[in-house]
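Q: quick one, structure for this:
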Amino acid sequence: MSGYLLSGEFIAIIRRVVRDYAADIVNTVGGRTRGIISQRNRQAYLLEDLYAAEDTLLDPSTARARLLRRNGANLQLTNVEVTVYNRFEHISVDADTYVKIEWIDGEWQIYAADCAPESQSISSAGVDPSLAPASDSIGTGTGSI
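A: Numbering: from 1, shown residues only. Sure thing, here's the model as predicted:
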């Protein structure tokens, strides 16, 4: 008999590795993120400020973000960077912010962000920052995961 005999456990490991690898394949072509996307919603960490869009339909703003992946009960940064699009005209999000993004019409669009009480993000959304509690590090763009 020629060849190799693989156990069911080994085949399951291969499947898991291929599935995880395929989930992280992302190609940036023409400024848009394209590739194999296994999840339509992802968690990410903004590397740059994501400004409000100049025009929802014609001129969204963009920023780079790194995807997060669960590691047990915790999250860890992956090496996968994506371009996040913001089509909101009155909302901006600071760099170093945890965000949730969704794959819509060929682009990663932001739909939730953990904005700090004193951040420009909230100020631009019309919330009075004087009502927020004071903090030394919130909204400074110096946070880390």
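Q: switch to C-alpha atoms for all contacts and neighbour counts from now on
A: Will do.
Q: just checking, what packs against the longest strand seen in the chain?
A: As assigned by DSSP state E, the longest strand anywhere in the chain is strand 74-86. For strand 74-86, the packing partners by 3 or more CA pairs under 8 Å, 6 or more residues apart in numbering; DSSP states H and E come out as strand 32-34, strand 61-71, strand 107-113.
Q: give me that answer again for 10 Å
A: Contacts defined by 3 or more CA pairs under 10 Å, 6 or more residues apart in numbering; DSSP states H and E place strand 74-86 against helix 8-24, strand 27-29, strand 32-34, strand 41-46, strand 61-71, strand 98-104, strand 107-113.
Q: what's the most buried one of those?
A: Among the helices and strands packed on strand 74-86, ranked by average contacts under mean count of other CA atoms under 10 Å, first place goes to strand 41-46 (a mean of 22).
Q: partners of it, with directions?
A: strand 61-71 (antiparallel), strand 98-104 (antiparallel) (DSSP bridges).
Q: now do that strand and strand 107-113, the angle between them.
A: Here strand 41-46 runs at an angle of 80 degrees relative to strand 107-113 (axes from the mean of the first three to the mean of the last three CA atoms, to 10 degrees).
Q: quick check: mean pLDDT across strand 41-46?
A: Average pLDDT, strand 41-46: 94.
Q: run the angle between it and strand 74-86 for me.
A: 90 degrees.
Q: all numbers from here: first residue = 44
A: Let's use 44 as the start, then, which means that last one is strand 84-89.
Q: just the CA atoms of strand 84-89, as CSV, please.
A: Listed next in CSV are the C-alpha coordinates belonging to strand 84-89 (Å, rounded to 0.1, in the frame of the first residue of the first chain):
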residue,chain,number,x,y,z
ASN,A,84,-18.9,41.3,11.2
ARG,A,85,-15.5,41.7,12.8
GLN,A,86,-13.8,43.4,15.7
ALA,A,87,-10.9,45.7,15.0
TYR,A,88,-8.5,48.3,16.5
LEU,A,89,-8.2,51.6,14.6
